[in-house]
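Visitor: predicted model and sequence below, questions to follow.
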Amino acid sequence: MAENKRLGRRVWLLLAVAVLLTVFTLTGCGEERAPAGGGPELLKVVTTTSLIADIVEGVGADKVTVANIIPPASCPGHFDVKPADMQVLANARIFFVHAWQGELFTDDLIRSARNEELQKVVLAIQGNWMTPPVRSEAIEQIAAALAKVDPDNAGFYAENAAALQEETAAVGSAMKSRLEAAGATGVKVLVSEMQTGFLRWAGLDVVAAFGRPEDTSPRQLEELLALGRQAGVTLVVDNLQSGHEAGKSIARELGAAHVTLSNFPGGFPDTATWALAIERNVELLLGAIAE
């Protein structure tokens, strides 16, 4: 009798285990499984700078996944690209590159990713991308490129691009109003050449521009200081990605205020988007002008 009871309990235990295994299999417990049908595949995009990445994320939204190569605080013209950096291209569909980055991202380097489906899109857009008009042009080109590779979502990209352009114009208008109200218009500045477009858009009077410290000779520096004194320059503006030593020394010689701005979203902490980055630049400018 006792043996029969033990046998009965063993049978019930085996049945219980079988039921649990069936439940786990049907509900997806235990081993992780992909959803039925796998869901829509995201368009894999690689960008060279955060300026492009920010736009792709805004236009592509939940239809894309974005990987950016060059850190936003680094100088994109002097970044040391390695073959390992290009491995992000192995499974990508689009690779967005600024036209001026041709020497960095050569076709030979791109071929090292061994991705025959990859499409390289060169964005030949003139001007400073931190200014609203130039950014609006970039939005249009990027949306068109996404639609060409992914025509099924062309309408989605076009709608998002229009909204992003509208937002860009609104943010730009608000920033210009703040600058004008603070008396920034016409303030005479010496500026890092990489920030000239932004300062002119902001309404400041760019007396002259200077290059990186290693590219500026003592004679050029003396000429720059002479121009600054003659024009009554009160502000010197550096570019974060180019370094700030040249501007600091010039400002010190002139007795002028000094400020460093960023040409890329994410260059400063808590400025991951273009809107946050331009707002930070304007705040820094206003603070320097008020000194």
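Guide: Okay, I see it.

Visitor: strands of the chain, residue ranges please.
Guide: Taking DSSP state E as the test, the strands found in the chain are 43-47, 64-68, 94-98, 119-123, 188-192, 205-210, 235-239, 257-261.

Visitor: buried deepest among these, which one?
Guide: A comparison of those by mean neighbour count, using mean count of other CB atoms under 10 Å, puts strand 235-239 on top with a mean of 26. Where C-beta positions appear, they are placed from N, C-alpha and C, glycine not excepted.

Visitor: tell me what that strand is packed against?
Guide: Packing partners of strand 235-239 (3 or more CB pairs under 8 Å, 6 or more residues apart in numbering; DSSP states H and E): strand 188-192, helix 245-254, strand 257-261, helix 274-289.

Visitor: ranking the ones you listed by burial, who's on top?
Guide: strand 188-192 (a mean of 25).

Visitor: partners of that strand in the sheet?
Guide: strand 205-210 (parallel), strand 235-239 (parallel) (DSSP bridges).

Visitor: for Lys148, give its distance to Tyr157.
Guide: 10 Å (CB to CB, to the nearest Å).

Visitor: neighbour-wise, which of the two wins?
Guide: When neighbours are counted by other CB atoms under 10 Å, Lys148 and Tyr157 differ, and Tyr157 comes out ahead with 25 against 13.

Visitor: check contacts around the more buried one.
Guide: The neighbours of Tyr157, taking CB atoms under 8 Å, 6 or more residues apart in numbering as the test, are 59-60, 63, 143, 146-147, 150.

Visitor: now a PyMOL select for only the buried ones of those residues.
Guide: Applying 16 or more other CB atoms under 10 Å to these leaves a buried subset, and the PyMOL line that selects it is:
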select buried, resi 59+60+63+143+146+147+150
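
Visitor: ok, the contacts of Tyr157 vs Ala53, which is closest?
Guide: Nearest to Ala53 among these: Gly60, at 10.2 Å, using CB to CB.

Visitor: ok, the closest residue to the closest one other than its chain neighbours to Pro132 distance?
Guide: Leaving aside its sequence neighbours, Gly60 sits nearest to Leu146 (CB to CB, 6 or more residues apart in numbering; 6.0 Å). For Leu146, the distance to Pro132 equals 21 Å [CB to CB].

Visitor: wait, doesn't Lys120 sit right on Ala113?
Guide: No - between Lys120 and Ala113 there is no contact under CB atoms under 8 Å: 10.6 Å.

Visitor: against Ala92, how distant is the residue lying closest to Leu42 once chain neighbours are set aside?
Guide: Leaving aside its sequence neighbours, Leu42 sits nearest to Thr65 (CB to CB, 6+ apart; 4.5 Å). Between Thr65 and Ala92 the computed distance is 9 Å (CB to CB).

Visitor: what residues are up against Ala147?
Guide: 153-154, 157-158.
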